[in-house]
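> coordinates only, sequence not included:
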């Protein structure tokens, strides 16, 4: 057992239960992690030391271009261009995303619809302010809302699905890997309405998609084996083979994600740019992950249990103290976004939120990722569906259940359209266009897990 009290999703809470820098208590790492580190590291310590020195040099070289280009280093594309290209990213954009890990997609949802979504949410908060939990409690900037009609509609908006599937198709697997990248499942997350001048919703650098699990889970480790072997240059961040069965939330943490999100993402409900309390990313995928995973295994650190900012039950904190080459020189804010634009970033991407909203307007987003069809995602979708039917908080989040008695603004099974039913597990998926044995099995498995499908 851990050497501290365990905090789980079953407890009530807010965003601060996820991040150490917002007040979450980091558990102490047990001595068993010393043995784990020794088992992972190459027998010859000079192998990893040399690899680490190469990645530091690579990050320092990349930082020159990142500082020079700033936010413009992040690739962007209009949804229309994706559609015109047959639903896939053009080769030039695909190459940039595979290097940078992040993409801005313009005009995913038209401005008037995005503004309507926002107003509906504001009206809901105004009507039920006494019952809706938010962070920070005295002046919330992030709300424990998941089931508003606006959020449900945005997650299954046909244009969002087109953008998500274009990104899903950047990934690859063997033909027998049980995954379907041609459907996108709905993961229900929070929303942010960050007011001008706010300094509370300042998220430091971090990684989602697990923490110590990247070292501890044998299947998850397989995703990064080239890094652990000291051959990080050969690491493929877009190979999905071992990710679909990896345990990314071994400790039932309040910030853990049970679903495998290929890309995290949000849709903007503001017109906001750098300085407006927006997202910051390290616009690289391979190099930061190699740095983060190798450093605790070096001779200087292998004799203690410390994983340099990663703890059981918490996201991985990426800090200037432990990861200077990333945080001090390689972080940029995303470019200016308008109502209805979307931003997607790779599941291994180091990201943060600006320390203050310096703009004169709020900085508002709906958090919506892209999530393929695989066993773990289908199983979570079934649990999420059950919570939705009750109006309770989704299984991955603190059990506040503050939407249960909201009327008018909350979506219900009866209000779902056909696209929403498909993404939320109320309708079976079709395998007519499945092209690999693994894809067909993933769809068949999904339908078995979700059956019987409720009728409303």
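Sure, I can see it. Small disclaimer: the values here were computed from a predicted structure and weren't measured. Numbering: from 1, shown residues only.
> Strands of the chain, start to end?
Counting by DSSP state E, the chain has strands at residues 76-78, 102-106, 134-135, 142-143, 191-194, 206-207, 263-268, 279-281, 316-317, 332-333, 342-346, 351-353, 363-367.
> average pLDDT for the fourth one?
Taken as a whole, strand 142-143 has an average pLDDT of 94.
> Check the second one too.
The pLDDT scores in strand 102-106 average 98.
> The first one too?
The average of the pLDDT scores along strand 76-78 is 98.
> pLDDT weak spots in the chain?
Where the chain drops to pLDDT under 70, the residues are 1-27, 254-255.
> In it, spot the helix with the most residues.
Longest helix in the chain, counting residues (DSSP state H): helix 45-69.
> List the buried residues for that helix?
Neighbour-count burial for helix 45-69, counted by 16 or more other Cβ atoms under 10 Å, picks out 48-49, 51-52, 55-56, 58-59, 62-63, 66. All C-beta atoms are positioned from the backbone trio N, CA, C, and that covers glycine.
> what distance separates that helix from the centre of its chain?
Relative to the centre of its chain, helix 45-69 is centred 25 Å away, using Cα atoms, centre = their mean, to the nearest Å.
> packing partners for it?
Helices and strands touching helix 45-69, by 3 or more Cβ pairs under 8 Å, 6 or more residues apart in numbering; DSSP states H and E, are helix 286-294, helix 324-327.
> what's the closest of these to residue 350?
helix 286-294 (5.0 Å; Cβ to Cβ).
> tilt between that closest one and strand 342-346?
50 degrees (axes from the mean of the first three to the mean of the last three Cα atoms, to 10 degrees).
> Which secondary structure elements does helix 286-294 sit against?
helix 45-69, helix 225-228, helix 324-327.
> could those helices be laid out in TSV, adding distance to residue 362?
Formatted as TSV, those follow (distance: least, Cβ to Cβ, whole Å):
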stretch	distance to residue 362
helix 45-69	28
helix 225-228	40
helix 324-327	26
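> wait, which of those helices is closest to residue 373?
helix 225-228 (25.2 Å).
> Test my guess that residue 144 contacts residue 134.
Yes - shown here, residue 144 and residue 134 form a contact pair, counting by Cβ atoms under 8 Å, at 6.4 Å.
> List the beta-bridge partners for the closest residue to residue 365 other than its chain neighbours.
Spatial nearest neighbour of residue 365, excluding adjacent residues (Cβ to Cβ, 6 or more residues apart in numbering): residue 266 at 3.9 Å. Residue 266 has these beta-bridge partners by DSSP bridges: residue 343, residue 367.
> Give me the neighbour count for residue 266.
The local packing of residue 266 (other Cβ atoms under 10 Å) involves 24 other residues.
> Same check on the one 5 residues further on?
Other residues lying near residue 271 total 17 when counted by other Cβ under 10 Å.
> List the contacts of residue 372.
Applying Cβ atoms under 8 Å, 6 or more residues apart in numbering to residue 372 gives the contacts 168, 171, 179-181, 183-185, 240, 244, 260, 262.
> list the contacts for the residue nearest to residue 159 when sequence neighbours are not counted?
Spatial nearest neighbour of residue 159, excluding adjacent residues (Cβ to Cβ, 6+ apart): residue 108 at 4.9 Å. Going by Cβ under 8 Å, 6+ apart, residue 108 touches 79, 157, 159-160, 163, 267, 340-342.
> what does residue 394 give?
Taking Cβ under 8 Å, 6+ apart, we find residue 394 in contact with 146, 188-189, 384, 387-388.
> Can I get the residues you listed in CSV including neighbour count and distance to residue 125?
Shown next, in CSV, are the contacts of residue 394 (neighbours: other Cβ atoms under 10 Å; distance: Cβ to Cβ, whole Å):
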residue, neighbour count, distance to residue 125
146, 26, 13
188, 26, 17
189, 22, 17
384, 23, 22
387, 20, 20
388, 26, 20
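> Show me which of those residues is closest to residue 306.
For the contacts of residue 394, the nearest to residue 306 is residue 189 (30.5 Å; Cβ to Cβ).
> which ones are touching residue 235?
224, 226-227, 286, 289-290.
> 7 Å - rerun?
224, 226-227, 286, 290 (Cβ atoms under 7 Å, 6 or more residues apart in numbering).
> Select from the residues you listed the one having the most neighbours.
When neighbours are counted by other Cβ under 10 Å, residue 290 leads these with 27 neighbours.
> Not including adjacent chain positions, what is the nearest residue to it?
residue 232 (3.5 Å).
> how many other residues sit next to the one you found?
By other Cβ under 10 Å, neighbour count at residue 232 equals 23.
> Now do the same contact list for it.
Contacts for residue 232 (Cβ under 7 Å, 6+ apart) come out as 51, 55, 226, 286, 290.
> Repeat the analysis, applying 6 Å as the threshold.
Under the criterion of Cβ atoms under 6 Å, 6 or more residues apart in numbering, the neighbours of residue 232 are 51, 55, 290.
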